[in-house]
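A.B. asks: Sequence first, predicted coordinates after that:
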Amino acid sequence: MLRTEAGFTWLAGGVTSDAGDLDMAVWRLLPSGELDPHFCGGGPCTFDNAAGGYGDDWGTALVLTQNAVYVGGWSWDGTSRDAVVWKLGLVDTSR
């Protein structure tokens, strides 16, 4: 979990996909604690198959820069677990 000076809270983890595997997920909450409707439609941004397989993905830590969010975690390709870093580019949608 990461809290910014503006009061946003960022969370990394995972969710179960419709296919039954784990997908890495990132949420952004407003200072009020509600999901931010301007971030991924108000739900988590999810990512799957980082290791190139059909396995599980999970985010364990994140770093926020001015233009990107970096999420560290792991991905399982069906036979082994690999360390992964995802980069999410941030786009200003307030205009």
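C.D. replies: Everything's here; your move.
A.B. asks: Quick check: bridge partners of residue 16?
C.D. replies: residue 22 (DSSP bridges).
A.B. asks: Quickly find the element holding the most centrally placed residue in the chain.
C.D. replies: By Cα atoms, centre = their mean, the chain has its centre lying nearest to residue 26, at 2.5 Å. Take DSSP states H and E as the rule and residue 26 turns out to sit in strand 22-29.
A.B. asks: Tell me which stretches of this protein form strands.
C.D. replies: 2-3, 9-16, 22-29, 45-47, 57-64, 68-76, 81-89 (DSSP state E).
A.B. asks: Nearest to residue 36 among the ones you listed would be which one?
C.D. replies: Among those, the nearest to residue 36 by Cβ to Cβ is strand 22-29 (4.4 Å). C-betas here are computed from N, CA, C, even on glycine.
A.B. asks: Now do that closest one and strand 57-64, the angle between them.
C.D. replies: 30 degrees (axes from the mean of the first three to the mean of the last three Cα atoms, to 10 degrees).
A.B. asks: burial of residue 72, as a residue count?
C.D. replies: 14 (other Cβ atoms under 10 Å).
A.B. asks: Point out where this structure drops to low pLDDT.
C.D. replies: For the chain, the stretches with pLDDT under 70 are 51-53, 92-95.
A.B. asks: what sits against residue 74?
C.D. replies: By Cβ atoms under 8 Å, 6 or more residues apart in numbering, the contact set of residue 74 is 57-58, 60, 81-84.
A.B. asks: before we move on, back to that, pull the strand holding residue 26 out as PDB, backbone CA atoms only.
C.D. replies: C-alpha atoms of strand 22-29 as PDB (Å, rounded to 0.1, in the frame of the first residue of the first chain):
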ATOM      1  CA  LEU A  22      -4.900 -15.100 -10.300                       C
ATOM      2  CA  ASP A  23      -4.300 -11.800 -12.100                       C
ATOM      3  CA  MET A  24      -2.200  -9.000 -10.800                       C
ATOM      4  CA  ALA A  25      -4.300  -6.100  -9.800                       C
ATOM      5  CA  VAL A  26      -3.800  -2.400  -8.800                       C
ATOM      6  CA  TRP A  27      -6.400  -0.200  -7.200                       C
ATOM      7  CA  ARG A  28      -6.500   3.500  -6.500                       C
ATOM      8  CA  LEU A  29      -8.600   4.900  -3.700                       C
END
